[in-house]
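> got a structure for you, letters missing:
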C-alpha cells in the first residue's frame, strides 16, 4: 500500500524528466513508425504533383514561431516538392512574424535545387489588411505588392511576369494556425475559384474537413502527422518524420501515467472504505 500511495504523490519533477526522456530519445535515435498516408494528404500531394513545370504556386505564411513544430515541416516539404517539379513560388504572409520562417524554408529549398531568387521564387512580404488583400489580388496583385520584401519592383522580377491575379496562380497553400485557411476559402476560393490546400495545426484541422468534403479544399495537411505523410510521399525524411515517434512516445507515456494514477486512486479508496 505504501508503494501505491507513493504512485499518487510522485514528485512532478520525475514526471517532467520522464517526458523529456521519451521525447529526446526518439529525436536522437532514428525510429521508424509505419503508417498509412491519409486521403487528405494524398490529395494535397496529387494537386502539387500534377501541375506542369513552370506553373505558379502561392505559399501564404499564416503561422508564427508558436506553431513552428507543426507548420514549418509542411512548408519545407512542399517547397522541395515544388522546386523538384520546377514550379515557381510566390511567398506572402498574413502574419508578419512568420514571414522569416517562410523565407528560410524557400532559401533552404532553393539552395538544394539550384533555384534563383526573382527567377524561380519571390518573397512579396507582409501587408496588413488580410481580407482586403485577398479580395484585391483577384484583380491585380501589384495593387498591394508593387515591391517585394526587399523593395525591388516586382515588374523587374522574371518570376512575376504574366502573373497578375488568381487566374495566373495554379495553386494556393495556406500554412496556418488559425482561421486564415477559412478566410482564403471565403474570399479567394469561393469568389475567384482559386484552388487551395490547407496546412494547419492539429487543433485546426477538424474544422476544415467540411471544406475538404465539399471540394473547397483540394487537400489538407493536419498537424505533425499530415506533415510526416507529405514527407513520406516525397521520399524525404524531415522534421516531421523525426518528430512523430517522439510525439507518439509522449502520448503513450501520458496515457500510462493516467491509467496508473487512476488505478492507484481506486485501490486507495477501496482500502479506505474497507477500513471504515
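Nice, thanks for sending it over. Since the model is a prediction, treat every value here as computed from it, not as a measurement.
> Leaving out chain neighbours, which residue sits closest to residue 113?
Counting by C-beta to C-beta, 6 or more residues apart in numbering, residue 113 lies nearest to residue 83, which is 4.0 Å off, once chain neighbours are set aside. Bear in mind the C-beta positions are built from the backbone N, C-alpha and C, glycine included.
> what's the helix or strand for the one you found?
Element membership of residue 83 [criterion: DSSP states H and E] is helix 68-84.
> Contacts for the helix or strand following that helix next, please.
For helix 68-84, the succeeding helix or strand toward the C-terminus, using DSSP H and E, is strand 88-93. The contact list for strand 88-93, computed with C-beta atoms under 8 Å, 6 or more residues apart in numbering, reads 54-62, 79, 82-83, 99, 102-103, 106, 120-127, 145, 159-160, 163, 169.
> For the residue nearest the centre of the chain, give me its contacts.
Compute the mean C-alpha point of the chain, and by C-alpha atoms, centre = their mean the closest residue is residue 71, 2.6 Å away. Residues in contact with residue 71 (C-beta under 8 Å, 6+ apart) are 63, 175, 176, 177, 199, 200, 201, 227.
> How much space separates it from residue 149?
When distance is defined by C-beta to C-beta, to the nearest Å, residue 71 is 19 Å away from residue 149.
> Residue 205 now?
Counting by C-beta to C-beta, the gap between residue 205 and residue 149 amounts to 29 Å.
> quick one: which of the two has more around it?
The residue with more neighbours, out of residue 205 and residue 149, is residue 205; 21 against 17, by other C-beta atoms under 10 Å.
> So which residues of the stretch 101-250 of the chain form helices?
Secondary structure of the stretch 101-250 of the chain, counting by DSSP state H, counting those that start in this stretch: helices at 130-136, 180-184, 190-192, 205-214, 223-233, 239-275.
> got the angle for the fifth one vs helix 205-214?
Here the directions of helix 223-233 and helix 205-214 differ by 50 degrees (axes from the mean of the first three to the mean of the last three C-alpha atoms, to 10 degrees).
> what comes into contact with helix 223-233?
Contacts of helix 223-233 with the rest of the structure, by C-beta under 8 Å, 6+ apart, involve 35, 37-38, 40-42, 44-45, 69-71, 73-74, 77-78, 81, 199-203, 205, 220-221, 237-241, 243-244, 247.
> same check, this time on the fourth one
Residues external to helix 205-214 that are found in contact with it (C-beta under 8 Å, 6+ apart): 40, 43, 181-182, 185, 198, 200, 217, 219-220, 222-223, 226.
> Of these, which is the nearest to residue 260?
Sorting the contacts of helix 205-214 by distance to residue 260 puts residue 223 at the head of the list, at 26.9 Å, by C-beta to C-beta.
> re earlier: mind putting the helices of the stretch 101-250 of the chain into CSV with distance to residue 21 and mean pLDDT?
Listed next are the helices of the stretch 101-250 of the chain as CSV, based on distance: least, C-beta to C-beta, whole Å; pLDDT from 0 to 100:
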stretch, distance to residue 21, mean pLDDT
helix 130-136, 42, 95
helix 180-184, 36, 96
helix 190-192, 48, 95
helix 205-214, 29, 95
helix 223-233, 19, 90
helix 239-275, 9, 76
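> Let me have those in TSV, extended by distance to residue 24.
Converted to TSV, these look like this (distance: least, C-beta to C-beta, whole Å):
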stretch	distance to residue 24
helix 130-136	38
helix 180-184	32
helix 190-192	45
helix 205-214	27
helix 223-233	16
helix 239-275	8
